[in-house]
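Novice: Following is a predicted model, sequence given first.
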Amino acid sequence: MSLLIYKALCYFFIYGFLGWCCEVIYAAIIDGKFVNRGFLNGPICPIYGFGVLFVLTLLEPIRENFLFLFIGSVILTSVLEFITGFLLEKVFKMKWWDYSNERFNIHGYICLKFSIIWGLACLIVVDIIHPFFMKAVEINPINIGIITIGILSVLFISDIISTIIGINRTNRYLKLLSKSGSQLRKISESIGENISDKTIQFTQKSENIKNDVKEKRQKAINDMEKHRAAIQRKQEDILKNMPMTAKRIRSAFPDLKLFEYWDNKNKENKK
């Protein structure tokens, strides 16, 4: 392993972990509880690690100029966040975060407010935080460092694989929920149409025929209600068997669009 790659990996894991800590602190302030805010199960947010590496590497020539460093950091981190959000949505068919309610946003992937925050954060990292970690990496025995990085890399890759498998399972569960939800809507519409049609017939027929129509209507309604109850039980089973990865991701990414139906079902169950 070359010294350059070794240092890059050290900084990636350091800032990925610090980014995860910042996300946890932010969630604790906003939600009042611990939330594992990250794409992965482990305590690391890769986007922070890559973001700081890009800023340190590409903006090194202008690091002494605060204004240029700030502008460059805003641009770099915004581009990285946009590309990451876009690719995650295309690969996993779900939107992981959404700034659509923020002013000056671009397709909900990035917004001016957070881009400025990332720019200011990069100034602090480059001028205050990074010199400390740069010295820490240099004085740390390289043999111990390489072993540590090797272990962290194996855990990191394993976490990525585990998370992707969990997300794919989650997608299947949520699609089942969505499908059963569509079936419930169709049943409700059928019940409504049946009641409406039979009521019209009921008002137009003689007394004997009215009784016959009434019985048939009630039988049809009972059959559809049984079908609806069966689908609802199936939904409850799906929710109970939802993998832990799905529950963690739901907490970490509250704006995740694919979970909207799950949220609605949970609200109904609480009622």
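Specialist: Perfect, thanks for sending it. Numbers count the residues shown, from 1 in each chain.
Novice: C-alpha from now on. contacts and neighbour counts both.
Specialist: Noted.
Novice: where do the strands sit along the stretch 51-200 of the chain?
Specialist: According to DSSP state E, counting those that start in this stretch, the stretch 51-200 of the chain carries its strands in the segments 105-106, 110-111.
Novice: Tell me which of those lies nearest to Tyr15.
Specialist: Tyr15 sits nearest to strand 110-111 of all the strands of the stretch 51-200 of the chain, at 20.6 Å, using Cα to Cα.
Novice: what's that closest one packed up against?
Specialist: helix 66-92 (3 or more Cα pairs under 8 Å, 6 or more residues apart in numbering; DSSP states H and E).
Novice: If you count neighbours, what's buried in the helix it packs on?
Specialist: Neighbour counts over helix 66-92 (16 or more other Cα atoms under 10 Å) mark 69-70, 72-82, 85-86, 89 as buried.
Novice: now do stretch 88-106
Specialist: For stretch 88-106, using 16+ other Cα under 10 Å, the buried residues are Glu89, Met94, Lys95, Trp96, Trp97, Asp98, Tyr99, Asn105.
Novice: Give me the pLDDT value at the nearest residue to Cys111 once chain neighbours are set aside.
Specialist: In this structure, Cys111 finds its nearest non-sequential neighbour in Asn105, 3.9 Å apart by Cα to Cα, 6 or more residues apart in numbering. pLDDT for Asn105: 96.
Novice: Equivalent analysis for the one 5 residues further on, please.
Specialist: For Ile110, the pLDDT comes out at 96.
Novice: thought it was touching Phe82?
Specialist: Yes - using Cα atoms under 8 Å, Ile110 is in contact with Phe82, at 5.9 Å.
Novice: so Phe34 sits in a helix?
Specialist: No - secondary structure of Phe34 (DSSP: H, G, I helix; E, B strand; the rest coil): coil, not part of a helix.
Novice: Excluding covalently adjacent residues, which one is nearest to it?
Specialist: Closest to Phe34 by Cα to Cα, 6+ apart is Ala28, at 5.5 Å.
Novice: now the one you found: how far from Cys21?
Specialist: 10 Å (Cα to Cα, to the nearest Å).
Novice: And these two? Which one has more around it.
Specialist: Cys21 (18 against 13; other Cα atoms under 10 Å).
Novice: and that one, what element?
Specialist: Using DSSP states H and E, the element containing Cys21 is helix 3-31.
Novice: Can you list the buried residues in that helix?
Specialist: By 16+ other Cα under 10 Å, the buried positions in helix 3-31 come out as 6-7, 9-21, 23-27.
Novice: and Glu138, what is it in contact with?
Specialist: Residues near Glu138 by Cα atoms under 8 Å, 6 or more residues apart in numbering: none.
Novice: so Cys45 touches Val52, yeah?
Specialist: No - Cys45 is beyond contact range of Val52, at 11.5 Å (criterion: Cα under 8 Å).
Novice: Helices of this protein, start to end?
Specialist: Under the criterion DSSP state H, helices of the chain are mapped to 3-31, 46-58, 66-92, 112-124, 130-139, 142-204, 207-240, 244-252, 260-270.
Novice: other SSEs contacting the first one?
Specialist: Spelled out, that is helix 3-31. If you count contacts as 3+ Cα pairs under 8 Å, 6+ apart, helix 3-31 packs onto helix 46-58, helix 130-139, helix 142-204.
Novice: can you rerun that using 10 Å?
Specialist: Packing contacts for helix 3-31, counted by 3 or more Cα pairs under 10 Å, 6 or more residues apart in numbering; DSSP states H and E, involve helix 46-58, helix 130-139, helix 142-204, helix 244-252.
Novice: and the angle from it to helix 130-139?
Specialist: 130 degrees (axes from the mean of the first three to the mean of the last three Cα atoms, to 10 degrees).
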